[in-house]
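>>> got a sequence here, can you model it:
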Amino acid sequence: MEKKVKIRASLKDGVTTVKALMTHPMETGARKDKDTGELVPAEFIQEVIVMHNDTVVLNANWGTGISKNPYLSFKIKGGAAGDTIKLEWKDNLGATGSGETQIKQK
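Modelled structure (predicted):
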């Protein structure tokens, strides 16, 4: 099942600010379960892709050093009110998530 991403994008003075919150446990594979003492298997987002309309504006490769429920914020030059911003991620176990929004003028 694909997970939803909360995402917003706003335009001010020719710069678009994108803010996204991803729901994910981000397990490193090094933490032990308190009850069993066994290692909790690694489960982490490996790739994040953000597109402005159909153009990739960010492609990030992540590892185990990112915290649970990662928050991502960045700025891009340009964009126009009503343009589409879409974020997609994929983790090391094949799970995916995505979110889409339209740029709003501030």
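
>>> all strands for the protein, in order.
3-12, 15-22, 45-52, 55-61, 71-77, 84-91, 96-102, 104-105 (DSSP state E).

>>> which one, of the ones you listed, ends up nearest to Glu38?
strand 84-91 (20.5 Å; Cβ to Cβ). Backbone N, C-alpha and C define where each C-beta goes, glycine included.

>>> which helices and strands does the closest one pack with?
Helices and strands touching strand 84-91, by 3 or more Cβ pairs under 8 Å, 6 or more residues apart in numbering; DSSP states H and E, are strand 3-12, strand 15-22, strand 45-52, strand 96-102.

>>> rerun at 6 Å
For strand 84-91, the elements it packs on are strand 3-12, strand 45-52, strand 96-102, judged by 3 or more Cβ pairs under 6 Å, 6 or more residues apart in numbering; DSSP states H and E.

>>> avg pLDDT for the first one?
In this model, strand 3-12 has an average pLDDT of 97.

>>> quick one: distance of that strand to the chain centre.
On the basis of Cα atoms, centre = their mean, to the nearest Å, strand 3-12 sits 10 Å off its chain's mean C-alpha point.

>>> and the nearest residue to Val18 once chain neighbours are set aside, what does it touch?
Distances taken as Cβ to Cβ, 6 or more residues apart in numbering put Ala9 closest to Val18, at 4.8 Å, once the chain neighbours are dropped. The contact partners of Ala9, taken as Cβ atoms under 6 Å, 6 or more residues apart in numbering, are 16, 18, 85, 101, 103.

>>> fine by me, thanks again.
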